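**Q** Build me a structure from this.
(one chain, ligands or ions: 1)
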Amino acid sequence: MCGIVGYVGPQPALEVVVDGLARLEYRGYDSAGIAVLTDGRLATEKRAGKLANLRAALEHNPRTADGIGIGHTRWATHGAPTDTNAHPHVDNDNRVAVIHNGIIENFASLRLELEERGCKFTSETDTEVAAHLLAEELKQQDGDLAAAMRSVCRRLEGAFTLVAMFANDPELVVAARRNSPLVVGRGQGENFLASDVAAFIAHTRDAIELGQDQVVELRADSVTITDYDGRPVKVREYHVDWDASAAEKGGYEYFMLKEIVEQPQAVADTLLGRVAVDGTLTLDEMRLAPSELRDIEKIVIIACGTSYHAGLIAKYAIEHWCRVPCEVEVASEFRYRDPILNRQTLVIAISQSGESMDTLMAVRYAREQRARVLAICNVNGSTIPRESDGVLYTHAGPEVGVAATKTFLTQLVACYLVGLYLAQVRTVKFGDEINAVIEQLANMPEQVKKVLSTVDPVRELARSLGEADTVLFLGRHVGYPVALEGALKLKELAYMHAEAFAAGELKHGPIALIENGLPVVVVVPSREGRGVLHDKIVSNIQEIRARGARTIVIAEEGDETVRPFADELIEIPAVPTLLQPIVSTVPLQVFACELALAKGNDVDQPRNLAKSVTVE
Ligand code: M6R
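**A** Residues are numbered from 1 along each chain as shown. Down below sits the predicted model:
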C-alpha cells in the first residue's frame, strides 16, 4: 500500500528520494515523509496529505543531504493520516529512522514491552516499535544496522518492508521484507531501494528482487543480501524492459486518461509472441506441463476488485471452450470457507500488482492444499507470480492511476489465452477453431481504437449526470461482469452510489429502486450466437423504461432493436459474444472518469484508496 524509496550514492539524496516518491504516490497518498543525513545528523520532514505538502515544507525549510536518504508515501492503517503518524519514525535519541509498508501484527505487545523499558512513543503507528527496537538492538550489535535489522525482523509478525538508516553509519541504508514488496535498483556507484521499479527507473533499469525474509545492506558500491540469520542468499537479477517515459503522463492531465488511450497497444502487446510458427499457442512462462493441465478437473479463479471481474468473464470463456467446471471467488473470502481443492484443481490468481495480500494469502492456501496455481499478473517479479507454479504476464506496462483500466483489458486477453491454451492441450477444440478466436483477438486492438474514437458523446453524457445520486448498471452473460466493473469504476472515482445487477435478477427485487429519471446503464449482449439473451435484455430495458428510468444503452452498432428504448445509445463495434467485454468496458471507464472529473475529483488518486492493497 505504501511507497518506499531508499538511496545511497553521489547524487543529491533528497531530490532522488522525493522524485522517487512522486512515482510511487499512487501506492498511498495520505501523507509523505523523508529522512536524510545533514552534517551527520538525522533530519526528517513529514507532512499529512499529498506529496505536494511535503515538497512545500521542504521548500520552506531547505536542507542539504549527505549521500543517503529514505522516503515514504503512506496509506494509513494504524493511526490517522497526520503529520505525526507520517513516516519516517525515529528512536528517542533521533539516531535511527525507519519507514514501513505493511502491518506489524504484534505491535501492541511490543509497544507495551518497550514502554515498560522507558521508550517514549510519539505516534499511534505500528511502525514506531521498529524504530525503538532497532535502537535497542544497535546497542547489542555494536552499531551494526544490518545485524540489528535481522534480529528485529525475527521478532516481528505480519507483513512488512522496513527500511532504516542510522546516523552513525552515514553510507548505509538497510532494508528487510516479509510479505511486502521490495526491489533493489543497481546503478553505477549508486544504488536504490523501492517498493516498485518505477521509483528508480529514471536512474537504472537493472533490478534485483528480494525474496521472502531477506535483508539487504545498500552502499554506493555494494549490495549485500542475506536471510534473517545472516546467511547469503541467491537472488534474481533482471532488466526492466520499459523506461521512465512509460510511467510519465505524456501530456495528459491524469495518468488514467493516458492509460485508457493506451489500451489498444496494451492489448496488442499482451497478444504478442503467443503463437508459434505452426499456429499453436505457446505460453512460455506458464511452467505447467501439458500433462499437468490435462489432469485438471476443476478451475478456481481468485482475485479482487477489477481483477475479480476479469475472472468472472474468464469463467464464461473457459467453461465454453474447455468444458471444465470453473468457479470464481473474491480472494478475501476464499480461504475462510474451507474450499475443496486437490492436485487436480487449477487455481488461477489474477492480480495486476501481484501484491494484493488477499490474493497472495489465497494463493498460499491453495498451494498448501496441493492445488496447482497459475498467476495472471502485470508486474514482473512481484510476489504472487513468484509464489505460483506458473505465470502468464500481461504486457500493459506500468499502470499508475489507481483505477484499473488497461490492465483489466489485458487481463481479459490473458484469460482468453489461458482458456484457448487449455482447450489446445486438452484437445477439446480443433486447431483451426482456436486459430479463429486468436484472429478475432488479434483484431481487438483495432476495435478498441474504434471505441476510443467515438466516446466524446459519452463524456458529454457523463458531465450531464454530475448531480445524479445513483446510477444502476445491468448486464447479462459476459455483460454482467462488465456492468459490475462499470459500477465499481463509478464508485471509486466519482464517489457515487452505483450498483450492478444481472438484468434477469431485476424482477426479483431491485426493480423497486427504479424511479423517474434514474440513470440505468444497460450492457446489451451481442445478437450473434446469444439471440435469446439479447431479446431478453431488450425486454428488461422496456420494463425499466416503463417505470421512468433514463436508459443508457451500450449496444452493437447497427442494433436497431434497442434504439427505440434507449434514451442514450452508446454504440460499440460488433465483435464475437465472448470477446465483447474488451470493447463494452471502455465507454464505462470513460464515463466514470469524466463524471469524476466533472465533480472535481482526482481520478489518479481517489480518496481512501491505494493502487496495491498489501493488507488483508
Ligand atoms: O493488483 P490487483 O489486481 O490484485 O488489485 C485488485 C484490486 O485492488 C484492484 O483491481 C482495484 O479493484 C482497482 N483499483 C479497481 O479499479
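
**Q** Show me which residues of the stretch 351-500 of the chain sit near the ligand.
**A** Within the stretch 351-500 of the chain, the positions adjacent to the ligand are Ser351, Gln352, Ser353, Ser356, Thr359, Val402, Ala403, Ala404, Leu488, Glu492 by Cβ under 6 Å from any ligand atom. In this view, the C-beta of every residue, glycine as well, is placed from N, C-alpha and C.

**Q** Next, the residue lying closest to the third one once chain neighbours are set aside: secondary structure please.
**A** If you skip the residues right next to it in sequence, Ser353 has Ser612 as its closest partner in space, 4.0 Å away by Cβ to Cβ, 6 or more residues apart in numbering. In the three-state summary, Ser612 is assigned as coil, counting by DSSP: H, G, I helix; E, B strand; the rest coil.

**Q** Could you tell me which of the residues of the stretch 351-500 of the chain next to the ligand are located in helices?
**A** Among those, DSSP state H puts Thr359, Leu488, Glu492 in helices.

**Q** Distance to Lys315 for those - can I get that in CSV?
**A** Listed next are these as CSV, based on distance: Cβ to Cβ, whole Å:
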residue, distance to Lys315
Thr359, 17
Leu488, 18
Glu492, 23
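
**Q** give me phi/psi at Ile104?
**A** phi -90, psi 110 (degrees, to the nearest 10).

**Q** meant to ask about Ile225
**A** phi -120, psi 130.

**Q** Taking this protein, what residue is nearest to the ligand?
**A** The chain approaches the ligand most closely through Gly305 (1.9 Å), counting by Cβ to the nearest ligand atom.

**Q** Spatially nearest residue to that residue (excluding sequence neighbours)?
**A** Leu488 (6.7 Å).

**Q** That neighbour reaches Tyr308, doesn't it?
**A** No. In this structure Leu488 lies outside contact range of Tyr308 using Cβ atoms under 8 Å: 9.3 Å.

**Q** So between those two, which is more surrounded?
**A** The neighbour comparison of Leu488 against Tyr308 (other Cβ atoms under 10 Å) goes to Tyr308, with 24 against 21.

**Q** Sort out for me which of the residues of the stretch 351-500 of the chain next to the ligand are in strands.
**A** Among these, DSSP state E puts Ser351 in strands.

**Q** Touching the strand or helix carrying Lys46 from outside, list them.
**A** Of the helices and strands defined by DSSP states H and E, Lys46 is found in strand 41-48. With Cβ atoms under 8 Å, 6 or more residues apart in numbering as the test, strand 41-48 has contacts from 30-37, 53-54, 56-58, 61, 63, 65, 81-83, 86-88, 90, 94-97, 165, 167.

**Q** filter those to the buried ones?
**A** 30-37, 53-54, 57-58, 65, 82-83, 86-88, 90, 95-97, 165, 167 (16 or more other Cβ atoms under 10 Å).

**Q** From those residues, which land in helices?
**A** Asn53, Leu54, Ala57, Leu58.

**Q** Nearest to Asp559 among these?
**A** Closest approach between those and Asp559, by Cβ to Cβ: Asn53, at 50.3 Å.

**Q** How much space separates the closest one from His60?
**A** Distance, Asn53 to His60, using Cβ to Cβ, to the nearest Å: 11 Å.

**Q** do Ala574 as well
**A** On the measure of Cβ to Cβ, Ala574 and His60 end up 59 Å apart.

**Q** go on, Gln369?
**A** Per Cβ to Cβ, Gln369 is found 55 Å from His60.

**Q** Tell me which of these two has more neighbours.
**A** It is Gln369, of Gln369 and His60, that has more neighbours when counted by other Cβ under 10 Å, with 16 against 8.

**Q** what residues are up against that one?
**A** For Gln369, the contacting residues are Pro339, Leu341, Asn342, Thr345, by Cβ under 8 Å, 6+ apart.

**Q** Burial check on the nearest residue to Gln11 once chain neighbours are set aside, number of neighbours?
**A** The spatial neighbour of Gln11 that comes closest, neighbours along the chain excluded (Cβ to Cβ, 6+ apart), is Glu190 at 6.5 Å. Counted by other Cβ under 10 Å, the residues lying close to Glu190 total 22.

**Q** which bits of the protein sit near the ligand?
**A** So far as Cβ under 6 Å from any ligand atom goes, the chain lies against the ligand at 304-307, 351-353, 356, 359, 402-404, 488, 492, 612-613.

**Q** In ChimeraX, select just the buried ones from these.
**A** In ChimeraX, selecting the buried portion of those, with burial taken from 16+ other Cβ under 10 Å, looks like this:
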select :304,305,306,307,351,352,353,356,359,402,403,404,488,492,612,613
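
**Q** so how far is Gln352 from the residue of the chain closest to the ligand?
**A** For Gly305, the distance to Gln352 - Cβ to Cβ - is 9 Å.

**Q** joint contacts of those two?
**A** Contacts common to Gly305 and Gln352, judged by Cβ under 8 Å, 6+ apart, are Ala404.

**Q** all strands of the stretch 201-350 of the chain, in order?
**A** Ranges of strands within the stretch 201-350 of the chain are 206-209, 214-219, 222-227, 236-239, 298-303, 326-330, 345-351, based on DSSP state E, counting those that start in this stretch.

**Q** Spell out the residue ranges of the helices in the stretch 101-250 of the chain.
**A** Taking DSSP state H, counting those that start in this stretch, the helices of the stretch 101-250 of the chain run over residues 107-116, 127-140, 145-155.

**Q** Could you dump these into a markdown table and include distance to Phe408?
**A** Below are the helices of the stretch 101-250 of the chain laid out as a markdown table (distance: least, Cβ to Cβ, whole Å):
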| stretch | distance to Phe408 |
| --- | --- |
| helix 107-116 | 35 |
| helix 127-140 | 33 |
| helix 145-155 | 36 |
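
**Q** May I see the buried residues of stretch 532-547?
**A** By neighbour count on 16+ other Cβ under 10 Å, the buried set for stretch 532-547 is Leu533, His534, Ile537, Val538, Asn540, Ile541, Glu543, Ile544, Arg545.
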